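K.L.:
Mind folding the following:
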Amino acid sequence: AISAAVCRRAAPLGPMPNEDIDVTDLDSLKKYRSWTRYMKFAEEASGKPQWWKTYRQHVIQDDGAEKIDIGLPQFQLPRSQQLRKRKRVLRENHRDSELERESRLYRLRIPLDEVKADWERINGPYHCQRVAEHYGIYRDLFPGATFVPRVVLRVLYSPDGKSSAQVHCGNELTPTEAGSPPEVKFSAEEGSLWTLLLTSPDEHLRDNESEYVHWLVGNIPGNAVQSGEEVCHYLPPFPAKGTGFHRFIFVLFKQDGPVNFKDDYRPSPCHSLTMRTFRTVDFYRTHQDAITPAGLAFFQAQWDMSVTHTFHELLNMKEPIFEFDRPPVYHPPQKKYPHAQPLRYLERYRENHKPTYGIY
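P.N.:
All right, here's what the predicted structure looks like:
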């Protein structure tokens, strides 16, 4: 109680927000008069350094090192053009009597496809970047760097030709669903060249710092992946049994021109894990003058029966199986006169050493 009282009396570490406002005379405060003016002052205030931590700073543990942005530059309209466009849309909506009537009668239908398309174009890349940061994608593939995936990458698996499984940002797929090369779509300008990479930073059986490359296609004209130069053919995921979920990451690079991948070629078919050992950061450093990360998508997968087939038939090796040695079940010292304990209390201390289960 004493420590709580002292804590309440302790002075803050710095000035508190709005402490200079006289609450007894609120009418004398300066009015913003418009939303634009308010946003201008709010952005200026948010950019000033503060002595307290925000919620995001508490959640995200930042090591203090500034990461290098290696992605495509951001194209954004000037603020004046954005405001003119917004005002034009508002005027059109005010003049639309049918829109006003449908809204007043609660019959207005919002085109969700258009809303989703706008979200993917404006906020989607930053959302994907935050999710990738959470899953450690940039930490493991591009140490000390990051990028905003400004090109929306759509990856669709169709294992049986009927059902489909799409790759988003960390969703779960099975190795069976990802057993064949997927259909990849993205928006590309005419005459542009691209590189598509599929890698896994969690699968390597000997080196934790290395990866296995599952697919590498370079010099893709436009968005025609099937017309690209297949540097390393597709290999299905093979997360070893007992190792949990593995990340499988698609990275799309935009090329400045044709790239020579002669040092990255693997024979086709390539079923040697030694030859498939790969590091994305080394690949990027080799071609960083010609390629720029532009798109990102990834999924998670864990062992299923198709992994056994991949090890035995494709990789021609024994399947590794990992098991967890569980520690013995802990029981607190037995009490001679247990109070308020369930009826199965004594079963924990029998001499047969068999684990018992129940509500203790």
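K.L.:
thought E229 was touching L196?
P.N.:
No. Using C-beta atoms under 8 Å, E229 is not in contact with L196; the gap is 10.6 Å. The way it works is simple: take the backbone N, C-alpha and C, and place the C-beta from them, glycine included.
K.L.:
residues bridging contact with these two, i.e. touching both?
P.N.:
By the contact definition C-beta atoms under 8 Å, 6 or more residues apart in numbering, E229 and L196 are jointly contacted by V217, G218, I220.
K.L.:
circling back to that earlier point, look at E229 and L196 and report which has more neighbours.
P.N.:
For E229 versus L196, neighbours defined as other C-beta atoms under 10 Å are more numerous around L196 (22 against 16).
K.L.:
In contact with that one, which residues?
P.N.:
Contacts of L196 by C-beta under 8 Å, 6+ apart are V184, W215, L216, V217, G218, I220, V225, G228, F250, V251, L252, F253.
K.L.:
Could you say which helix or strand holds Y284?
P.N.:
Using DSSP states H and E, Y284 sits in helix 280-287.
K.L.:
Can you list the helices and strands that that helix packs against?
P.N.:
strand 193-200, strand 246-255 (3 or more C-beta pairs under 8 Å, 6 or more residues apart in numbering; DSSP states H and E).
K.L.:
between these, which gets nearest to R37?
P.N.:
strand 246-255 (39.2 Å; C-beta to C-beta).
K.L.:
Any chance of the backbone angles for M39?
P.N.:
Note on M39: its backbone torsions stand at phi -60, psi -40 [degrees, to the nearest 10].
K.L.:
How many neighbouring residues does it have?
P.N.:
12.
K.L.:
gap between it and F245?
P.N.:
Using C-beta to C-beta, to the nearest Å, M39 is found at 42 Å from F245.
K.L.:
Can you lay out the contacts of L196 as TSV showing pLDDT, distance to L29 and neighbour count?
P.N.:
TSV is the format used below for those (pLDDT from 0 to 100; distance: C-beta to C-beta, whole Å; neighbours: other C-beta atoms under 10 Å):
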residue	pLDDT	distance to L29	neighbour count
V184	95	56	25
W215	96	61	21
L216	97	61	24
V217	97	61	23
G218	95	61	24
I220	96	58	23
V225	94	59	20
G228	94	62	20
F250	97	52	20
V251	97	51	25
L252	97	51	26
F253	97	53	23
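K.L.:
Any chance of TSV for these, columns distance to C169?
P.N.:
Converted to TSV, the contacts of L196 look like this (distance: C-beta to C-beta, whole Å):
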residue	distance to C169
V184	15
W215	19
L216	21
V217	21
G218	24
I220	22
V225	20
G228	24
F250	11
V251	13
L252	14
F253	18
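K.L.:
tell me which of those residues is nearest to K318?
P.N.:
W215 (24.7 Å).
K.L.:
which SS state does the closest one fall under?
P.N.:
strand (DSSP: H, G, I helix; E, B strand; the rest coil).
K.L.:
For the closest residue to R348 other than its chain neighbours, grab the count of nearby residues.
P.N.:
Ranked by C-beta to C-beta, 6 or more residues apart in numbering and with sequence neighbours excluded, the top spatial neighbour of R348 is H331, at 4.7 Å. When counting by other C-beta under 10 Å, one arrives at 11 neighbours for H331.
K.L.:
Over to L235?
P.N.:
Neighbour number of L235 under other C-beta under 10 Å is 22.
K.L.:
was I right about it contacting F278?
P.N.:
No. Taking C-beta under 8 Å as the definition, L235 is not a contact partner of F278, at 11.4 Å.
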